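*Asks:* I need the structure of the sequence given here:
(one chain, ligands or ions: 1)
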Amino acid sequence: MIGIETLDEFIIRRQEKFPDAKGELSRLLRDIGLASKIVHREVNKAGLVDILGDTGTTNVQGEKVKKLDVFANNRFVASLKMGGACCGIASEENENFIIIDDELSQNAEYIVALDPLDGSSNIDVNVSVGTIFSIYKRGSLQGGFCQLADFLQRGYEQVSAGYIIYGSSTMMVYTTGKGVNGFTLDPSIGEFCLSHPDIKIPKSGQMYSVNQGNYSKFKKGVQKYISYCGEDDKNTNRPYSLRYVGSLVADIHRNLLKGGIFMYPSTSTMPYGKLRLLYECNPMAFIVEQAGGKAINGKDDILQLHPTDLHQRTPMFIGSTDMVNMLSEFIDRFSVSPSI
Ligand code: P6P
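*Replies:* Prediction:
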């Protein structure tokens, strides 16, 4: 039987390759792993306890807050505070960033941007949901409070990014800039075990993911690409299938493993799209690019965008390189100016 390598063992083994590493990033990743095991437990019994449904409040996004959103946010924040390896957190659930002001944390090198439970509207109907995280080195001086600028760094500055998908199994997929690895939670031992080493996204794929209901509001180039995917071309026996879960982590995870393109374009009613740059698009773009794929906003690489606001949105087209490049050609060919 192939030996089991747990997430903790993997992190420690990787850290040994960096003699001057202080172990703070390792600690941070393990803190995230711990919190996700606790969220896994709640997500998997959500139907049995009064943790489903709405809290009756709305968050900074103006969206209904689910009880499990709040639970997950509190869990990750508590675990990161306890770990002392990060000095601040920007979360989808909090309008402003959280300063962690104990002495140990103030001396920490890292900040975290977090979507604690993405796709939570799907929980009540038992569809996969996920946690997305993004880690940067702070620019502000260690020993003092983190600053807003620490969170408004370009995506290519990320030190690490990952997601946890709470699906038919719970998996943690992450990168530290040296490839992408996937770990499946074995609840019988309470450990994430290496199950998908060195993930590479296929250069092309057969699946395209988009909310077809917004078709009429998309720019012409995007409409033309979607129509191209939907056409039945006997000559090429075009193999496309539309797959759209409506949960970002689930849609991207499938495309990462099987190949495909995920699109959340701008629309006439959402000129900057729906997805958030800091804690949805940047971490997913880092992961997919590290796996050999591509992520753009329709014109520029997602990782090159300069954030100006914690919760700013951006259109995103992400996945297999050949498919993203073809979409880009359609946008250029059919748009007045290759704008997003
Ligand atoms: P729509 C979930 O609410 C989410 O933020 C992402 O997980 C998902 O990709 C997207 O919104 C779905 O949005 O407008 O298609 O329902």
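*Asks:* How much space separates Leu275 from Leu80?
*Replies:* According to CB to CB, to the nearest Å, Leu275 and Leu80 sit 23 Å apart. For glycine as for every other residue, the C-beta is placed from the backbone atoms N, C-alpha and C.
*Asks:* the more surrounded of these two?
*Replies:* More crowded of Leu275 and Leu80, by other CB atoms under 10 Å: Leu80, with 28 against 22.
*Asks:* show me where the stretch 151-300 of the chain has strands.
*Replies:* Remark: strands assigned in the stretch 151-300 of the chain by DSSP state E, counting those that start in this stretch are 160-166, 170-175, 180-186, 191-196, 207-209, 241-242, 261-264, 294-296.
*Asks:* Within its sheet, name the partner strands of the third one and how each one runs.
*Replies:* Looking back up the chat, that one is strand 180-186. Strand 180-186 has its sheet partners listed here by DSSP bridges as strand 170-175 (antiparallel), strand 191-196 (antiparallel).
*Asks:* What lies in contact with the first one?
*Replies:* If I follow you right, that is strand 170-175. Strand 170-175 has contacts (CB atoms under 8 Å, 6 or more residues apart in numbering) with 7, 29, 32-33, 36, 40, 44, 133, 160-165, 180-185, 187, 192, 195-196, 199, 253, 256, 286-287, 290-291.
*Asks:* Report the angle between it and strand 160-166.
*Replies:* Interaxial angle, strand 170-175 versus strand 160-166 (axes from the mean of the first three to the mean of the last three CA atoms, to 10 degrees): 170 degrees.
*Asks:* Redo the strands of the stretch 151-300 of the chain as a markdown table? Include distance to the ligand.
*Replies:* Shown next, in a markdown table, are those (distance: least, CB to the nearest ligand atom, whole Å):
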| stretch | distance to the ligand |
| --- | --- |
| strand 160-166 | 11 |
| strand 170-175 | 15 |
| strand 180-186 | 19 |
| strand 191-196 | 21 |
| strand 207-209 | 8 |
| strand 241-242 | 13 |
| strand 261-264 | 6 |
| strand 294-296 | 14 |
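*Asks:* got a markdown table for those, with mean neighbour count too?
*Replies:* What follows is those, written out as a markdown table (neighbours: other CB atoms under 10 Å):
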| stretch | mean neighbour count |
| --- | --- |
| strand 160-166 | 26 |
| strand 170-175 | 23 |
| strand 180-186 | 21 |
| strand 191-196 | 18 |
| strand 207-209 | 23 |
| strand 241-242 | 12 |
| strand 261-264 | 26 |
| strand 294-296 | 23 |
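*Asks:* Quick check: Phe97 vs the ligand, distance?
*Replies:* Note on Phe97: its distance to the ligand, by CB to the nearest ligand atom, to the nearest Å, is 20 Å.
*Asks:* Could I get the contacting residues of that residue?
*Replies:* By CB under 8 Å, 6+ apart, the residues touching Phe97 are 88-90, 111, 146, 148, 151, 310.
*Asks:* For ChimeraX, what selects the buried ones among the residues you listed?
*Replies:* This is the ChimeraX syntax for the buried subset of the contacts of Phe97, where burial follows 16 or more other CB atoms under 10 Å:
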select :88,89,90,111,146,151,310
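*Asks:* The contacts of Phe97: which ones sit near the ligand?
*Replies:* With CB under 6 Å from any ligand atom as the criterion, the contacts of Phe97 include none near the ligand.
*Asks:* Now do stretch 247-255: everything it contacts.
*Replies:* The contact list for stretch 247-255 (CB under 8 Å, 6+ apart) reads 118-119, 122, 127-132, 163-165, 167, 171, 173, 201, 205, 207, 209, 243-245, 260-262, 264, 275, 280, 284, 287-288, 318-320.
*Asks:* one step back: generate CSV for the strands of the stretch 151-300 of the chain, with mean pLDDT as supplementary columns.
*Replies:* What follows is those, written out as CSV (pLDDT from 0 to 100):
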stretch, mean pLDDT
strand 160-166, 98
strand 170-175, 98
strand 180-186, 97
strand 191-196, 97
strand 207-209, 97
strand 241-242, 95
strand 261-264, 98
strand 294-296, 98
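*Asks:* In TSV: the ones you listed, plus distance to Asn325.
*Replies:* Output for the strands of the stretch 151-300 of the chain, formatted as TSV (distance: least, CB to CB, whole Å):
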stretch	distance to Asn325
strand 160-166	23
strand 170-175	22
strand 180-186	20
strand 191-196	25
strand 207-209	14
strand 241-242	20
strand 261-264	10
strand 294-296	7
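*Asks:* so which of these gets nearest Arg333?
*Replies:* Of all the strands of the stretch 151-300 of the chain, it is strand 294-296 that lies closest to Arg333, at 15.4 Å by CB to CB.
*Asks:* Average pLDDT for the following helix or strand past the closest one, rounded please.
*Replies:* Sequence-wise, the next helix or strand downstream of strand 294-296 (DSSP states H and E) is strand 316-319. For strand 316-319, mean pLDDT rounds to 98.
*Asks:* Can you identify the element that follows strand 316-319 toward the C-terminus?
*Replies:* Using DSSP H and E, the helix or strand that follows strand 316-319 in sequence is helix 321-334.
*Asks:* for that following helix, packing partners?
*Replies:* The helices and strands touching helix 321-334, judged by 3 or more CB pairs under 8 Å, 6 or more residues apart in numbering; DSSP states H and E, are helix 220-230, strand 261-264, strand 294-296, strand 316-319.
*Asks:* and of the ones you listed, who's closest to Arg13?
*Replies:* Nearest to Arg13, of the helices and strands packed on helix 321-334 and by CB to CB, is strand 294-296 at 28.7 Å.
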